[in-house]
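Undergrad: Provided below are the primary sequence and the corresponding predicted coordinates.
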Amino acid sequence: NLDPILDELRKIKSEREIELIKKSTELQAKAIEESMRSTEAGIKPYQLEAVTKFIYQNNNYSDEAYYALIHFGPDAFKNHYHNSIRPARAGDMILMDYGPSYKYYTSDMARMWTVNGKFNDVQRELYTFYLKYYEAILYNIEKGLTPQEVREKALPEIEEILDSTVFSEERFAQAAKDFVNDFRESVDNPNRG
């Protein structure tokens with residue numbers, strides 16, 4: 001089994017590799033920004049995919065890193081769903097998870113935004129909670145830490161975020177508690193299946 005050896009080798013990056021990773025990430029960011037500018041009510045997922053692919057092709061990407069996951073409205077909460085076809089409606093959230101492979105280096109960042117460019121009160125409330133949760137993990141990443149150690153370090157901040165957030169509805173509060181409990185479970189039982 002060469003996986004452990006290859007996993008260790010992948011941790012070592014040359015300056016050239018780091019530049020390729022940055023280029024791949026910048027290319028995906030540019031495509032997401034153009035997709036946001038192109039968003040309007042009535043647009044369909046395949047049309048945003050075309051916008052994104054145009055940016056990738058104009059910037060000499062090698063290939064798609066993975067299948068385009070672009071969803072509107074209720075489908076935006078089904079990240080790895082492949083049958084989203086309905087047009088965007090005013091008030092919808094959009095999920096885009098579609099990255100390039102640039103000279104065999106992959107970018108993978110998902111983003112959400114609203115069709116009309118403005119969050120309503122509920123969207124802002126829930127997205128703000130999620131963003132703080134995400135940032136608690138992101139800003140606890142340090143060189144040399146394992147993913148498990150990052151989770152352990154972030155957990156107290158995530159619990160504080162949950163405790164300090166006031167939700168407008170009990171179902172939102174319960175969903176956030178469930179979300180944090182799942183995270184806590186991953187910290188307490190890192191080998192769960």
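TA: Yes, it's here. Numbering: from 1, shown residues only.

Undergrad: I'd assumed R111 was in a strand, is it?
TA: Yes: using DSSP: H, G, I helix; E, B strand; the rest coil, the assignment for R111 is a strand.

Undergrad: Neighbours of it, how many?
TA: Counted by other C-beta atoms under 10 Å, the residues lying close to R111 total 15. Glycine gets a C-beta too; all of them are placed from N, C-alpha and C.

Undergrad: what does S186 give?
TA: 16.

Undergrad: Look at it and report its pLDDT.
TA: Listed pLDDT for S186 reads 90.

Undergrad: Could you list every helix and strand in contact with the host helix or strand of A29?
TA: Assessed by DSSP states H and E, A29 sits inside helix 15-38. Packed against helix 15-38 by the contact rule (3 or more C-beta pairs under 8 Å, 6 or more residues apart in numbering; DSSP states H and E) you find helix 45-58, strand 100-102, strand 105-106.

Undergrad: got CSV for those, with mean pLDDT too?
TA: Output for these, formatted as CSV (pLDDT from 0 to 100):
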stretch, mean pLDDT
helix 45-58, 95
strand 100-102, 91
strand 105-106, 90
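
Undergrad: Which one, of these, ends up nearest to Q28?
TA: Among these, strand 100-102 comes nearest to Q28, with 5.8 Å by C-beta to C-beta.

Undergrad: Neighbouring strands - and their directions - for that closest one?
TA: In the sheet, strand 100-102 lines up against strand 63-64 (antiparallel), strand 105-106 (antiparallel) (DSSP bridges).

Undergrad: quick revisit: among the helices and strands packed on helix 15-38, which is the most enclosed?
TA: strand 100-102 (a mean of 23; mean count of other C-beta atoms under 10 Å).

Undergrad: OK, contacts around V51?
TA: A31, E34, S35, S38 (C-beta atoms under 8 Å, 6 or more residues apart in numbering).

Undergrad: any idea how far the residue nearest to the last one when sequence neighbours are not counted is from T106?
TA: Going back to what we said before, that points to S38. Excluding its sequence neighbours, the residue lying closest to S38 (C-beta to C-beta, 6 or more residues apart in numbering) is V51, at 4.8 Å. V51 sits 20 Å away from T106, going by C-beta to C-beta, to the nearest Å.
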